[in-house]
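> Got a predicted structure here, sequence first:
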Amino acid sequence: MKAFLFLTILLIFCSIRSSGQNSDIETLKKLNRDFLNCIVNRDTATLSKILAYDFLLINPGGMKRNKADNLSMVLASNQKMSVNIDSVEIRLLSGEVGLVTAWTNNKIEADNKETVFKICYQDVYMKRRNKWVAVAAHVSALSSN
């Protein structure tokens, strides 16, 4: 009887934990989409809420960009941009740390020229004060092959 009770409690605990993980994964998927939409739509108010105060991005050229740099770049851009997510993978490294890895097709239109390119990026999110925020990102340009 004790073994049955123990197994029942264990199954309940695992299902509750799994439910929480699924909720966190869905939250991170939404934040990923919102992050990209903020860049496309130049929505720095929403992007500011997604990025942690100490956010750091490494761009494809290897340059470091902090939160203020990223918000300024979004505002300064006069290019029309579109982003399509090819695939995204979400991993919870703990209850407080999540990793988003995604591959996107991108198009920029500026000065009557269209540039199409692919990138892969990895964003690190942390749960701070019970809210997920992006703390780091690394972006890699992919060859067009």
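Arrived safely.
> Just say helix, strand or coil for the nearest residue to residue 58 once chain neighbours are set aside.
In space, and not counting its chain neighbours, residue 58 is closest to residue 138: 4.7 Å by Cβ to Cβ, 6 or more residues apart in numbering. The C-beta positions use only the backbone N, C-alpha and C, and glycine is treated the same way. Per DSSP: H, G, I helix; E, B strand; the rest coil, the local secondary structure of residue 138 is strand.
> Burial check on residue 138, number of neighbours?
For residue 138, the count of nearby residues is 16 (other Cβ atoms under 10 Å).
> Does it touch residue 121 like I think?
Yes: using Cβ atoms under 8 Å, residue 138 makes contact with residue 121 at a distance of 6.5 Å.
> Overlap in contacts, those two.
Shared contacts of residue 138 and residue 121 (Cβ atoms under 8 Å, 6 or more residues apart in numbering): none.
> check contacts around the nearest residue to residue 77 once chain neighbours are set aside.
Spatially, and ignoring its direct neighbours in sequence, residue 77 is nearest to residue 42 (6.9 Å; Cβ to Cβ, 6+ apart). Counting by Cβ under 8 Å, 6+ apart, residue 42 makes contact with 74, 75, 77.
> Just read off the phi/psi values of residue 42.
phi 60, psi 40 (degrees, to the nearest 10).
> Now do the same for the spatially most central residue of the chain: its pLDDT.
Nearest residue to the geometric centre of the chain (Cα atoms, centre = their mean): residue 32, 3.7 Å. Listed pLDDT for residue 32 reads 97.
> Checking my notes, it in a strand, right?
No: looking at residue 32 with three-state DSSP, it is helix, so not inside a strand.
> Who are the contact partners of it?
85, 88, 90, 100, 102, 123.
> Same check on residue 61?
Per Cβ under 8 Å, 6+ apart, neighbours of residue 61: none.
> is residue 56 in a bridge, and if so with what?
residue 66, residue 136 (DSSP bridges).
> which other residues reach the longest strand seen in the chain?
Counting residues, the longest strand found in the chain (DSSP state E) is strand 113-128. With contacts defined as Cβ under 8 Å, 6+ apart, strand 113-128 is touched by 24, 28, 31-32, 35, 52, 60, 86, 95-109, 132-142, 144.
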